[in-house]
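Visitor: sequence unknown, structure follows:
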């Protein structure tokens, strides 16, 4: 079966191009959405300097995963990668940068958006509406701040809350958004873990009618990116619910990794899903989104 990884990054986690391609082959992945990450240096933890080598490049600007590295991979292996680019929406020329990435370099995805700002900020909405006009689905990293007091080290937060996401879906109905990361996936369940944990315990059953299924039923422009530990753990905590969730929303969920493990495939393949659902999740939805959304 064809498999598309809808979320990964160049030079990420010790993988250069050769290692990246070898890993894709090992995991049976035909193509990868290759995303940058553009934000200000003080907004991300120094840990990221250990897992991406952006600082090695002279005059590097634009965050820990430069668009230039995405372009380099696509130029050297165009048949294996689909180019993504998201500007920091706070930049005065953010819209011009997105237009240039699309028209000059052929970027087809607006991602990854991962900035320390509320994503329903007017500057962000301007960029997201443009992405909708350009038929570029928007990949969102959402994360709550768990460092709530001034006597603790600087914490990370990105995007706002699940209510912020709903306001975006309402404000940009022509734009497709892919929810991703702990601040999104914690809302698969209708419980209180979203108030104090990024990663709820794996053995705690999902309580139905969480905000994610609620928003999926209400807004056709919301999709799900199951990448990273957050997506995998959200599904793995309750396998019976995971199967039900994937079946109901099989045309709105994209297989994605954000790393180089095979844990997402192992989980999906363990659920005994019917072939049409597997085809949608593994490649069909990603392909349709890039065919002018396919709505």
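Guide: Noted; the coordinates are in hand. From a predicted model like this one, the values you see are computed outputs, not experimental measurements.

Visitor: which stretches of the stretch 1-150 of the chain form helices?
Guide: In the stretch 1-150 of the chain, the segments counted as helices under DSSP state H, counting those that start in this stretch are 17-26, 48-51, 67-76, 94-103, 122-133.

Visitor: what residues does stretch 31-45 touch?
Guide: Stretch 31-45 has contacts (C-beta atoms under 8 Å, 6 or more residues apart in numbering) with 4-10, 20, 24, 62-67, 69-70, 73-74, 79-88, 109, 111-112, 114-116, 139, 156, 256, 286. Every C-beta, even on glycine, is put in place using the N, C-alpha and C of the backbone.

Visitor: if we use 6 Å, what do you get?
Guide: Outside stretch 31-45, the residues that touch it by C-beta atoms under 6 Å, 6 or more residues apart in numbering are 4-9, 62-65, 67, 70, 73, 80-82, 84-85, 87-88, 109, 111-112, 114-116.

Visitor: just the ones of those residues in strands?
Guide: Secondary structure from DSSP state E places 4, 5, 6, 7, 8, 81, 82, 111, 112 of the contacts of stretch 31-45 in strands.

Visitor: got TSV for these, with neighbour count and distance to residue 205 too?
Guide: Shown next, in TSV, are those (neighbours: other C-beta atoms under 10 Å; distance: C-beta to C-beta, whole Å):
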residue	neighbour count	distance to residue 205
4	21	31
5	29	29
6	33	28
7	28	27
8	26	31
81	24	38
82	21	36
111	26	31
112	31	30
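
Visitor: and those residues, which is the shakiest by pLDDT?
Guide: Among these, residue 111 has the lowest pLDDT, at 95.

Visitor: isn't that one up against residue 83?
Guide: No - counting by C-beta atoms under 6 Å, residue 83 is not a contact partner of residue 111; they are 10.4 Å apart.

Visitor: tell me the one of the ones in strands among the contacts of stretch 31-45 nearest residue 128?
Guide: residue 111 (11.3 Å; C-beta to C-beta).

Visitor: how about the strands of the protein, start to end?
Guide: According to DSSP E, the strands that the chain contains are 4-8, 31-34, 81-83, 110-113, 138-141, 177-180, 222-225, 253-254.

Visitor: and for the closest residue in space to residue 238 that isn't next to it in sequence, the neighbour number?
Guide: Closest residue in space to residue 238, ignoring its immediate chain neighbours: residue 206 at 4.2 Å, by C-beta to C-beta, 6 or more residues apart in numbering. Residues near residue 206, counting by other C-beta atoms under 10 Å, number 22.
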